[in-house]
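Build me a structure from this.
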Amino acid sequence: MSALARTVDASGLRCPLPVIHLAKAARDVEDGTVITVLATDPAARHDVPAWARMRGHALVGETSSSVDDDGVETWTLSVRICATSPENDGGPAPRRGAGPPSGASIS
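Sure thing, here's the model as predicted:
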(Lines give C-alpha, C1' and ligand atoms only; values in the text may rest on other atoms or scores of the structure.)
Protein backbone atom coordinates (compact mmCIF):
# COMPACT_ATOMS: atom_id res chain seq x y z
CA MET A 1 0.00 0.00 0.00
CA SER A 2 1.24 3.48 -0.83
CA ALA A 3 2.55 5.83 1.83
CA LEU A 4 -0.28 8.12 0.74
CA ALA A 5 -3.09 5.84 1.91
CA ARG A 6 -5.60 5.87 4.71
CA THR A 7 -8.52 3.68 5.75
CA VAL A 8 -11.82 4.84 7.22
CA ASP A 9 -13.69 1.95 8.85
CA ALA A 10 -17.35 2.94 8.69
CA SER A 11 -18.60 -0.62 9.22
CA GLY A 12 -21.88 -0.61 11.11
CA LEU A 13 -22.47 3.11 10.54
CA ARG A 14 -25.58 4.30 8.73
CA CYS A 15 -26.00 7.16 6.28
CA PRO A 16 -24.71 9.87 6.43
CA LEU A 17 -21.92 8.83 8.82
CA PRO A 18 -19.67 7.00 6.30
CA VAL A 19 -19.47 10.17 4.17
CA ILE A 20 -19.01 12.39 7.22
CA HIS A 21 -16.06 10.27 8.37
CA LEU A 22 -14.62 10.31 4.83
CA ALA A 23 -14.94 14.12 4.62
CA LYS A 24 -13.17 14.53 7.98
CA ALA A 25 -10.34 12.24 6.88
CA ALA A 26 -10.00 14.09 3.56
CA ARG A 27 -9.27 17.35 5.36
CA ASP A 28 -6.16 15.89 7.00
CA VAL A 29 -4.38 14.21 4.07
CA GLU A 30 -2.04 15.23 1.27
CA ASP A 31 -3.12 15.63 -2.32
CA GLY A 32 -3.00 12.24 -4.04
CA THR A 33 -3.83 10.22 -0.93
CA VAL A 34 -6.18 7.31 -1.48
CA ILE A 35 -8.75 6.94 1.29
CA THR A 36 -10.38 3.53 1.45
CA VAL A 37 -13.80 3.44 3.09
CA LEU A 38 -15.11 0.17 4.54
CA ALA A 39 -18.90 0.38 4.77
CA THR A 40 -21.78 -1.98 5.47
CA ASP A 41 -24.54 0.53 4.72
CA PRO A 42 -25.67 -0.08 1.11
CA ALA A 43 -26.28 3.67 0.70
CA ALA A 44 -22.51 4.24 0.91
CA ARG A 45 -22.19 2.65 -2.55
CA HIS A 46 -23.99 5.71 -3.92
CA ASP A 47 -23.09 8.36 -1.36
CA VAL A 48 -19.29 7.97 -1.44
CA PRO A 49 -19.00 8.28 -5.26
CA ALA A 50 -21.43 11.23 -5.23
CA TRP A 51 -19.41 12.99 -2.51
CA ALA A 52 -16.17 12.38 -4.43
CA ARG A 53 -17.66 13.73 -7.67
CA MET A 54 -19.08 16.85 -5.99
CA ARG A 55 -15.72 17.60 -4.33
CA GLY A 56 -13.59 17.03 -7.43
CA HIS A 57 -11.99 13.84 -6.10
CA ALA A 58 -11.78 10.53 -7.99
CA LEU A 59 -13.42 7.22 -7.15
CA VAL A 60 -10.66 4.73 -7.96
CA GLY A 61 -12.18 1.49 -6.74
CA GLU A 62 -15.34 -0.21 -5.52
CA THR A 63 -15.61 -3.85 -4.50
CA SER A 64 -17.74 -6.06 -2.32
CA SER A 65 -15.03 -7.35 -0.04
CA SER A 66 -16.87 -9.78 2.24
CA VAL A 67 -20.13 -11.09 3.64
CA ASP A 68 -20.14 -11.99 7.33
CA ASP A 69 -21.97 -14.89 9.00
CA ASP A 70 -25.07 -12.71 9.43
CA GLY A 71 -25.17 -11.93 5.70
CA VAL A 72 -23.95 -8.35 6.13
CA GLU A 73 -21.96 -7.25 3.09
CA THR A 74 -18.95 -4.97 3.44
CA TRP A 75 -18.12 -2.63 0.57
CA THR A 76 -14.67 -1.21 -0.05
CA LEU A 77 -14.70 2.17 -1.82
CA SER A 78 -11.46 3.99 -2.60
CA VAL A 79 -11.26 7.72 -3.30
CA ARG A 80 -8.15 9.58 -4.50
CA ILE A 81 -8.09 13.00 -2.90
CA CYS A 82 -7.34 15.68 -5.49
CA ALA A 83 -6.02 19.19 -4.91
CA THR A 84 -8.37 21.26 -2.81
CA SER A 85 -9.02 24.95 -2.55
CA PRO A 86 -10.79 27.00 0.12
CA GLU A 87 -14.02 26.31 -1.80
CA ASN A 88 -13.29 22.57 -1.90
CA ASP A 89 -12.21 21.68 1.63
CA GLY A 90 -14.31 18.57 2.15
CA GLY A 91 -17.21 20.64 3.43
CA PRO A 92 -20.38 21.53 1.56
CA ALA A 93 -20.01 21.58 -2.21
CA PRO A 94 -19.50 24.98 -3.80
CA ARG A 95 -22.64 26.40 -5.38
CA ARG A 96 -22.60 26.33 -9.14
CA GLY A 97 -24.68 28.57 -11.35
CA ALA A 98 -25.72 30.73 -8.41
CA GLY A 99 -25.75 34.01 -10.26
CA PRO A 100 -25.70 35.64 -13.66
CA PRO A 101 -23.07 34.59 -16.19
CA SER A 102 -19.81 36.50 -16.08
CA GLY A 103 -20.18 39.88 -17.75
CA ALA A 104 -23.98 39.81 -17.64
CA SER A 105 -25.82 42.81 -16.31
CA ILE A 106 -28.93 42.71 -14.19
CA SER A 107 -31.60 45.26 -15.05
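
Which helix or strand in this protein has the lowest average pLDDT?
The least trusted helix or strand in the chain, going by mean pLDDT, DSSP states H and E, turns out to be strand 58-67, with a mean of 91.

Give me the helices and strands touching that one, please.
Contact partners of strand 58-67 among helices and strands, from 3 or more Cβ pairs under 8 Å, 6 or more residues apart in numbering; DSSP states H and E: strand 34-39, helix 44-55, strand 73-80. Every C-beta, even on glycine, is put in place using the N, C-alpha and C of the backbone.

okay, these in JSON lines with mean neighbour count next?
Compiled in JSON lines, the helices and strands packed on strand 58-67 are given as follows (neighbours: other Cβ atoms under 10 Å):
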{"stretch": "strand 34-39", "mean neighbour count": "23"}
{"stretch": "helix 44-55", "mean neighbour count": "18"}
{"stretch": "strand 73-80", "mean neighbour count": "19"}
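
Same list (these) but as JSON lines, adding distance to residue 27.
Shown next, in JSON lines, are these (distance: least, Cβ to Cβ, whole Å):
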{"stretch": "strand 34-39", "distance to residue 27": "11"}
{"stretch": "helix 44-55", "distance to residue 27": "11"}
{"stretch": "strand 73-80", "distance to residue 27": "13"}
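
Out of those, the one nearest residue 4 is which?
strand 34-39 (6.7 Å; Cβ to Cβ).
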